[in-house]
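Visitor: give me the fold of what follows.
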Amino acid sequence: PHVDYTGRFLTYSALHKAGCKFSWHEFNGAHAFMRDEGSKGRFDPELYAQTMAIAVDMFRRKLSEGDQAAVSEGAYDPLLSKC
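Guide: I've put the predicted structure just below:
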């Protein structure tokens, strides 16, 4: 991986210590598994579909009217958030 276990652990710990609301996903895929359709054979269509579903779900939830309404009601102010 681009970031070794120690670096990933430090990142996770810092986010947790800061009180960030986050999800953590690690994927056991070859480098460039999402986009390498060339001769190296690293493209993994099933893993690609899973990761895209997670990303689309996050964007749908965070950019939907539901979260925008919460901001307008003062439940969450992204300018005051530390994460």
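Visitor: point out where this protein drops to low pLDDT.
Guide: 1, 30-39, 65-83 (pLDDT under 70).
Visitor: what is the neighbour count of Gln50?
Guide: Applying other CB atoms under 10 Å, we find 14 residues neighbouring Gln50. C-beta: built from backbone N, CA, C; applies to glycine.
Visitor: if I look at it, how far off is Val56?
Guide: Gln50 sits 11 Å away from Val56, going by CB to CB, to the nearest Å.
Visitor: same question for Glu46.
Guide: For Glu46, the distance to Val56 - CB to CB - is 16 Å.
Visitor: in this protein, which helix has the most residues?
Guide: Under DSSP state H, the helix in the chain containing the largest number of residues is helix 45-63.
Visitor: any buried residues in that one, and which?
Guide: Using 16 or more other CB atoms under 10 Å as the test for burial, helix 45-63 gives Tyr48, Thr51.
Visitor: one more: stretch 6-26?
Guide: Taking 16+ other CB under 10 Å as the criterion, stretch 6-26 shows none as buried.
Visitor: what is the end-to-end distance of that stretch?
Guide: 14 Å (CA to CA, to the nearest Å).
Visitor: kindly report the same for stretch 13-26.
Guide: Note: stretch 13-26 ends 15 Å apart using CA to CA.
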